[in-house]
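1. Got a predicted structure plus its sequence, pasted below:
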Amino acid sequence: MVKKALDWIFVTDALRAARRQFREDEAARGAALQQARLLGEIAGRIAEPAEPLPPGDRVPVILGVLRDGVALALTTTKPAEGAAPGVAAEKPGASEVAASPAPPPPELGKIWDATPEAVLQAAAEDAADLRTVKETLFAQSTPAAPDAPAVTRTRAFLDRLLWNADAPRRRVEALLIQRWLRVLGALVVLALLGLGIRVATHGKNVLEGKPFSVSSSWSGCSTDPSCDGVLLFHTNNENEPWVIFDLQAPKTLHEIDVTNRIDSYQERAIPLVAELSTDRQHWKEVGRRTEGFTTWTLTFPPTTARYLKLKVARVSTLHLKAVEAR
């Protein structure tokens, strides 16, 4: 069960098969695909030059480059010669791929006729588009300008051929993205399970959504960025500053979690005294913190109370980030 779950998360089998297919294609057709991409880029730069080119008719040059590019791209849609189906060719090293000589473009007419109609149609917008591309490539009609629709369509046809031929690489990339999304999803599920276990074992925070009051409120908080969204409250500097939470009904408490201000001035919350009351008149101390802290978890015997008070037992300023009780 665990192995199946891990295989699903890491898409192990699918990724292994996709990588094997990519290696086969790269070894058998990588050089032709790379050369076809280069020719497509050259055709685009001649048709839409970033800088002025020497005088001359660019259309025949563009068409010649496109013919070679399409011929090479079509070879990438054919099975590798001599390769047994499902058997991966030996993966070349990076230096071997870079040093491999570009294959010569095959005769366009032969490779076009040998290519399945579905492959050609997949690279064209529709039947009319495919007909225009074929007429342009085989010089049955000559466009008047480099930006003529026929040239643009033929360039787009080559781009789509290359895109379709690159499907094995995209398949690997898509599976890797899927893997990381599933890993992230699994981590989120584990985090939620952990939170659920924590809530189940520690109990719900009874202070969530409950009102509280403070001994005073520092007016500087309105202009101090450290207060906004960082501190739960901020009193003035005074004798025994406090905060009182109203649970709005008697609750049985056994734990209080306090998160101190984390950026600075943590010593102001020492000594911090925790008290409980049922009537807000008579208070019972359940714990006291006399050492510096970032977080403080106070546990005590189950005690029924409606009010929870935290106070600093001296002249000081009280500002805390969060308080929870269970």
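-> Noted; the coordinates are in hand.
2. Pro106: what's it in contact with?
-> Ala71, Leu72, Leu74, Thr75 (C-beta atoms under 8 Å, 6 or more residues apart in numbering). For glycine as for every other residue, the C-beta is placed from the backbone atoms N, C-alpha and C.
3. ok, it to Arg67 distance?
-> 11 Å (C-beta to C-beta, to the nearest Å).
4. still on that earlier bit, lowest-confidence entry in the contacts of Pro106?
-> In terms of pLDDT, the lowest of the contacts of Pro106 is Thr75, showing 88.
5. How about that residue, nearest residue that isn't a chain neighbour?
-> Ala32 (5.1 Å; C-beta to C-beta, 6 or more residues apart in numbering).
6. Bridge partners for Val243, pull those for me.
-> Val214, Leu310 (DSSP bridges).
7. quick one: pLDDT of Arg19?
-> The model's pLDDT for Arg19 equals 90.
8. Likewise for Ala200?
-> 68.
9. And for Ala27?
-> Confidence for Ala27, expressed as pLDDT, is 80.
10. Next: the one 10 residues further on.
-> At Arg37, the model reports a pLDDT of 92.
11. Next: Ala80.
-> 43.
12. distance of the residue minimising distance to the centre of the chain from Arg170?
-> With distances taken as C-alpha atoms, centre = their mean, Leu181 lies nearest the centre of the chain, 7.5 Å away. Going from Leu181 to Arg170 by C-beta to C-beta gives 16 Å.
13. Repeat that for Arg16.
-> Taking C-beta to C-beta, one finds Arg16 at 17 Å from Arg170.
14. What sits closest to Ala122 if chain neighbours are left out?
-> That would be Asn164: by C-beta to C-beta, 6+ apart, it lies 5.9 Å from Ala122.
15. Mind telling me what element the one you found is part of?
-> Using DSSP states H and E, Asn164 falls within helix 149-165.
16. Going by the annotation, which residue ranges form each domain of the protein?
-> 2-172, 212-325 (automatic domain parsing).
17. To Lys204, which of these lies closest?
-> Among the domains of the chain, the nearest to Lys204 by C-beta to C-beta is domain 212-325 (9.5 Å).
18. rewinding a little: of all the domains of the chain, which one is nearest Leu190?
-> Using C-beta to C-beta, those put domain 2-172 closest to Leu190, at 11.3 Å.
19. Tell me how far that closest one lies from the chain's centre.
-> Here the centre of domain 2-172 is set off from its chain's centre by 30 Å, with C-alpha atoms, centre = their mean, to the nearest Å.
20. So what's the residue count around Leu161?
-> 26 (other C-beta atoms under 10 Å).
21. And the one 4 residues further on, by the same measure?
-> Here the number of neighbours of Ala165 (other C-beta under 10 Å) works out to 23.
22. Just to be sure, Leu318 is in a helix?
-> No: under DSSP: H, G, I helix; E, B strand; the rest coil, Leu318 falls outside any helix and is assigned coil.
23. so how far is Ala114 from it?
-> Leu318 is 83 Å from Ala114, by C-beta to C-beta.
24. So which of these two has more stuff around it?
-> Leu318 (25 against 12).
25. Please name the residues that touch the more buried one.
-> Leu318 touches 214-215, 233-235, 241-243, 268-269, 310-312, counting by C-beta under 8 Å, 6+ apart.
26. Not counting its neighbours along the chain, what's nearest it?
-> In space, Leu318 is closest to Pro241, 3.9 Å off (C-beta to C-beta, 6+ apart).
27. Which secondary structure state does Phe293 sit in?
-> coil.
28. So what does the nearest residue to it once chain neighbours are set aside look like in phi/psi?
-> Counting by C-beta to C-beta, 6+ apart, Asn260 is the residue found nearest to Phe293 once chain neighbours are left out, at 5.7 Å. Dihedral pair for Asn260: phi -80, psi 170, per degrees, to the nearest 10.
29. Need the pLDDT of Asn260.
-> 96.
30. ok, it - how many residues close by?
-> 21.
31. All further residue positions should be reported with the first residue as 51.
-> Happy to do that; since the first residue is 51 now, the last one works out to Asn310.
32. Surely Lys371 is in a helix?
-> No: per three-state DSSP, Lys371 lies outside any helix segment and is strand.
33. dump the residue contacts of it.
-> Val280, Leu281, Leu282, Thr309, Asn310, Arg311, Ile312.
34. isn't the residue nearest to Leu368 right up against Leu360?
-> No: taking contacts as C-beta atoms under 8 Å, Pro291 lies outside contact range of Leu360: 9.4 Å.
35. What residues of the host helix or strand of Ala121 count as buried?
-> Using DSSP H and E, Ala121 sits within helix 108-125. By neighbour count on 16 or more other C-beta atoms under 10 Å, the buried set for helix 108-125 is 108-109, 111-113, 115-125.
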